[in-house]
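Undergrad: coords below, sequence missing:
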């Protein structure tokens, strides 16, 4: 499958986001929004929020101008502007400003997130699915009555996904570290 990217603005080469997730379809409350800035299961340090992290500083620097606000505006102003624009328009402006031509979207996260086509359409690009192996395994486990049925179902799921996905990924290292023992 060829990855075709549209021409970016200002004559710059189009970017390929080689690992992204879909975008939420609703307007988040402040705590929910801040929670998307981390993969940690721990709360932020006392007296701070995840908006006070390096990821938070980057969002506060680069995202407000795409919505017509000054860089580093107060988080409440930024979230109010997102609410004013609505989730579809905010998503369109932010993704278009990113200059991404191709999105490789990991579809393994739960929740009401945009898929590859909707994500890419919002940013005027193209989108392709990256399938998370653990998600396939979890679905197979829910359907299977025993180990043999699990392995058969998982093998079939991988073959079916290979017909449309551009890649597979695993989060084993996130969950268990890089010192995985081969078996």
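TA: Good, I have the coordinates. This structure is a prediction, so every number in the text was calculated from the model and none was measured. Numbers count the residues shown, from 1 in each chain.
Undergrad: Against residue 27, how distant is the residue nearest the centre of the chain?
TA: For the chain, the residue nearest the mean C-alpha position is residue 21 (1.5 Å; C-alpha atoms, centre = their mean). Going from residue 21 to residue 27 by C-beta to C-beta, to the nearest Å gives 18 Å. Just so you know, the C-beta spots here come from the backbone N, C-alpha and C atoms, and that holds for glycine as well.
Undergrad: quick revisit: ramachandran coordinates for the residue nearest to the centre of the chain?
TA: Main-chain torsions, residue 21, degrees, to the nearest 10: phi -120, psi 170.
Undergrad: Who are the packing partners of the lengthiest helix in the chain?
TA: With secondary structure taken from DSSP state H, the chain has its longest helix at helix 147-162. Secondary-structure packing of helix 147-162 (3 or more C-beta pairs under 8 Å, 6 or more residues apart in numbering; DSSP states H and E): helix 133-143, strand 167-169.
Undergrad: Let me see the contact set for residue 157.
TA: 136, 139, 140 (C-beta atoms under 8 Å, 6 or more residues apart in numbering).
Undergrad: same thing but at 6 Å, please
TA: Counting by C-beta atoms under 6 Å, 6 or more residues apart in numbering, residue 157 touches 136, 140.
Undergrad: Need the per-residue pLDDT for it.
TA: Residue 157 is assigned 97 on the pLDDT scale.
Undergrad: same deal with residue 2?
TA: 41.
Undergrad: Also residue 169?
TA: 94.
Undergrad: wait, it sits on residue 134?
TA: No: with contact defined as C-beta atoms under 6 Å, residue 169 does not reach residue 134; the gap is 9.0 Å.
Undergrad: Below-threshold pLDDT in the protein: ranges please.
TA: Along the chain, the parts satisfying pLDDT under 70 run over 1-10, 183.
Undergrad: go with 80
TA: Scanning the chain with the threshold set as pLDDT under 80 gives 1-12, 173-183.
Undergrad: all helices of it, in order?
TA: Under DSSP H, the chain gives helices at 30-35, 54-66, 75-85, 87-97, 116-122, 133-143, 147-162, 172-176.
Undergrad: To residue 110, which of these lies closest?
TA: Residue 110 lies closest, by C-beta to C-beta, to one member of the helices of the chain: helix 133-143, at 8.7 Å.
Undergrad: okay, the angle between the closest one and helix 147-162?
TA: 130 degrees (axes from the mean of the first three to the mean of the last three C-alpha atoms, to 10 degrees).
Undergrad: Next, the buried residues of helix 133-143.
TA: 133, 135, 136, 137, 140 (16 or more other C-beta atoms under 10 Å).
Undergrad: Tell me the one among the residues you listed nearest to residue 100.
TA: The closest of those, once distances to residue 100 are taken by C-beta to C-beta, is residue 135, at 23.4 Å.
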